[in-house]
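Student: need coordinates for the below:
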Amino acid sequence: MTARVLSKDEARRIIVRAQLLDADRPGDVVEVAEQLGYIKIDPTAVIAPCEHTVLWSRIGWSYEATQLRKAVEDDRLLFEFDGAFRPVSLLPLMLPDMRTWPRRESSRQWLDANAKFRADILARLRSEGPLLTSDIPDTAQVDRAPDGWYGRNQVPHMLDFLTRQGEVAIIGREGRHRRWDLAERVYPADMPEYGEEEAAELLAERRLQAAGLAKQNSPWSRTGMAGEPVSVEGSKWRFRVDPAALAALDDTGGIDDAGRVAFLNPYDSLLFDRPRLTEVFGFDYVLEQFKPAAQRRYGYFAHPILMGDRFAGMLDAEVDKKNDVLQVNAIHELLPFEAEEHEIVRAELDELAEWLGMPLTGVPER
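Tutor: Numbers count the residues shown, from 1 in each chain. Alright, predicted model coming up:
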């Protein structure tokens, strides 16, 4: 069977729709998480923390930070794992792999050498209930060296290991500080059971659902051979497409009647697969956060501007906490904006400032 050939426009539209960035906005936090598979957590808050800007860019003005907290801590429809909020529906698919973790010999040796430390933490959680990291003493027998993310305190290391093994879970946060409990008291008790191979296949399908379109066996998307094979005009890559996304494209005749503008946090999931951004969108994205100031072209934490199904600019803006305003430093046009495009970018900036609850300043004159 000959693989279907998609135009570049069709490929971009599939991806944008899969990432919930088309004109049809999702209704709530859980709907976003179910489709995207994860919502990245990052404390860098030039405008707002990643988890909140990701949700605002999808849901819009009606999104409030309390909605995310409620979904995680009260309704338990989302859970925190490996630096992201994920839908509980994914947990049964992740558990088979969690039960065989770690695979690295050095990690297994560290766990074995700290068996008493591990038992101490589990016993303390069992007897005292949810605890912050700072509430748990470091009784490690063997230390892991500081790695840039963790210091010499071994408690965060062990809690991370136990979370990856499915024995401990994050029940909530106090500010940016995580609160931990036994997984059996956090995760649902009636989850379906899957074998390792079946779970891996279902996970690949869910990742392709979030991607819409991905390079076959890409290490970035990890969709493997899920979905259906397609080609994209002008590309030599072998792609896989989510069948539901392809059907939705056919239902609309491949036409998007109403695109929209979205400001994407630099850690947004649409931006994660850099090779796909270049291949399909023609967008060579570089995060300049870790570059020396003199080498930055667009700004420390500039947000890419998605306009319909193309990347049209970069927004260099920040919350000025001293003056309590949203300061626009620059709007870089990758392609010259038309008059109407200037207007919709300005309208989106106004909505962003209103969502943040502060005045907007520094918008360049046309």
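Student: only C-alpha atoms for contact and neighbour calcs from this point on.
Tutor: Fine.
Student: which stretch of helix or strand covers F79?
Tutor: In this structure, F79 is located in strand 78-81 according to DSSP states H and E.
Student: from memory T44 sits against C50, does it?
Tutor: Yes: between T44 and C50 there is a contact at 7.1 Å, judged by Cα atoms under 8 Å.
Student: which one of these two is surrounded by more residues?
Tutor: Taking other Cα atoms under 10 Å, T44 and C50 do not tie; C50 has more neighbours (22 against 14).
Student: OK, contacts around the more buried one?
Tutor: Going by Cα atoms under 8 Å, 6 or more residues apart in numbering, C50 touches 40-44, 265, 267-268.
Student: what's the pLDDT at R173?
Tutor: Reading off the confidence values, R173 has pLDDT 93.
Student: now do L335
Tutor: For L335, pLDDT reads 87.
Student: number of residues surrounding P359?
Tutor: P359: 14 surrounding residues under other Cα under 10 Å.
Student: before we move on, what about the one 4 residues further on?
Tutor: The criterion is other Cα under 10 Å. On that basis, V363 has 15 neighbouring residues.
Student: next one: V280
Tutor: Counted with other Cα under 10 Å, V280 comes out at 22.
Student: are we agreed that it is in a strand?
Tutor: No: using DSSP: H, G, I helix; E, B strand; the rest coil, the secondary structure at V280 is helix, not a strand.
Student: can you name the residues that contact it?
Tutor: 8, 11-12.
Student: go again with 10 Å.
Tutor: Going by Cα atoms under 10 Å, 6 or more residues apart in numbering, V280 touches 7-12, 15, 213-214, 232-235, 310.
Student: check the gap between it and W237 for me.
Tutor: Distance, V280 to W237, using Cα to Cα, to the nearest Å: 10 Å.
Student: common neighbours of the two, please.
Tutor: A214.
Student: quick revisit: what about the contacts of C50, which one has the most neighbours?
Tutor: That'd be N265 among the contacts of C50, by other Cα under 10 Å, with 26 neighbours.
Student: show me the contact partners of the strand holding F79.
Tutor: Contacts of strand 78-81 (Cα under 10 Å, 6+ apart): 29-30, 33-34, 38-41, 68-73, 84-91, 160, 163-164, 166, 169-173, 178, 186-187.
Student: what residues go with each domain of this protein?
Tutor: 4-82+199-359, 84-185 (automatic domain parsing).
Student: between those domains, which one is closest to M191.
Tutor: domain 84-185 (6.2 Å; Cα to Cα).
Student: mind checking the end-to-end distance for the closest one?
Tutor: End-to-end distance for domain 84-185: 20 Å, by Cα to Cα.
Student: which of the contacts of strand 78-81 are buried? Put it as a PyMOL command.
Tutor: Filtering these down to the buried ones (16 or more other Cα atoms under 10 Å) takes a single PyMOL command:
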select buried, resi 29+30+33+34+38+39+40+41+68+69+71+72+73+84+85+86+87+88+89+90+91+160+163+164+166+169+170+171+172+178+186+187
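Student: give me the subset of the contacts of strand 78-81 lying in strands.
Tutor: 39-40, 84-87, 169-173, 178 (DSSP state E).
Student: in strands only, show me the contacts of V280.
Tutor: 213-214, 232, 310.
Student: so where do the strands sit in the stretch 201-350 of the chain?
Tutor: For the stretch 201-350 of the chain, the strands defined by DSSP state E, counting those that start in this stretch cover 213-215, 228-232, 239-241, 261-263, 303-307, 310-320, 325-333.
Student: could you dump those strands to TSV with mean neighbour count and distance to L20?
Tutor: What follows is the strands of the stretch 201-350 of the chain, written out as TSV (neighbours: other Cα atoms under 10 Å; distance: least, Cα to Cα, whole Å):
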stretch	mean neighbour count	distance to L20
strand 213-215	29	14
strand 228-232	20	21
strand 239-241	24	16
strand 261-263	24	11
strand 303-307	22	12
strand 310-320	20	14
strand 325-333	19	23
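Student: got the angle between the strand or helix carrying A353 and strand 303-307?
Tutor: Using DSSP H and E, A353 maps to helix 339-356. Per axes from the mean of the first three to the mean of the last three Cα atoms, to 10 degrees, the angle that helix 339-356 makes with strand 303-307 is 130 degrees.
Student: now helix 339-356 and strand 310-320, what's the angle there?
Tutor: Between helix 339-356 and strand 310-320, the angle comes out at 40 degrees (the same axes, to 10 degrees).
Student: circling back to that earlier point, how about the strands of the stretch 201-350 of the chain in JSON lines, adding distance to R276?
Tutor: Below are these laid out as JSON lines (distance: least, Cα to Cα, whole Å):
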{"stretch": "strand 213-215", "distance to R276": "7"}
{"stretch": "strand 228-232", "distance to R276": "12"}
{"stretch": "strand 239-241", "distance to R276": "10"}
{"stretch": "strand 261-263", "distance to R276": "19"}
{"stretch": "strand 303-307", "distance to R276": "15"}
{"stretch": "strand 310-320", "distance to R276": "13"}
{"stretch": "strand 325-333", "distance to R276": "21"}
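Student: out of those strands, which gets nearest to R296?
Tutor: Taking the strands of the stretch 201-350 of the chain one by one with Cα to Cα, strand 310-320 is closest: 11.2 Å.
Student: spit out the contact partners of T66.
Tutor: Counting by Cα under 10 Å, 6+ apart, T66 makes contact with V72.
Student: before I go, just wanted to say thanks for your time.
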